[in-house]
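Undergrad: Sequence first, then the predicted structure, then my questions.
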Amino acid sequence: MEHTASDIDALVREEKRLTAVESHNEAWAEGLSAGIEPDIIAEAALATAFAELLRTNGENAALALLDRMRDKVIAGEFEEDRRCH
């Protein structure tokens, strides 16, 4: 089966996403083991992410991500029983 450039790009992007999830999970676990409360870890992670996105892509990209994440929360995509990695 021959893959298009778009297929390959999608595979690479998914591999990067999975690697990022793994890295964040490790950092989260380290924070918890250091006695940091989950809400503090979450706020720090979001602040870091949005600061970097603002720096590299601007306000519109950061606000668009915020809107997408809000929609996912409302849709229940982050509920414990729906989590898939």
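TA: Perfect, thanks for sending it.
Undergrad: burial count for I74?
TA: 8 (other Cβ atoms under 10 Å). Quick note: C-beta positions are derived from backbone N, CA and C, even for glycine.
Undergrad: Distance-wise, check it relative to L53.
TA: 21 Å (Cβ to Cβ, to the nearest Å).
Undergrad: helices or strands next to the one helix or strand A10 maps to in the packing?
TA: Assigned by DSSP states H and E, A10 belongs to helix 5-33. Here helix 5-33 touches helix 38-57, going by 3 or more Cβ pairs under 8 Å, 6 or more residues apart in numbering; DSSP states H and E.
Undergrad: what is the mean pLDDT for the helix it packs on?
TA: Computed over helix 38-57, the mean pLDDT rounds to 96.
Undergrad: which outside residues touch the helix or strand following it?
TA: Where DSSP H and E defines the elements, the next helix or strand beyond helix 38-57 is helix 59-75. Residues outside helix 59-75 that contact it (Cβ atoms under 8 Å, 6 or more residues apart in numbering): 50, 53-54, 78.
Undergrad: out of those residues, which are buried?
TA: Burial by neighbour count, judged by 16 or more other Cβ atoms under 10 Å, picks out 50, 53 from those.
Undergrad: what two of the contacts of helix 59-75 are the furthest from one another?
TA: The span of the contacts of helix 59-75, defined through Cβ to Cβ, is set by L54 and F78 at 22.7 Å.
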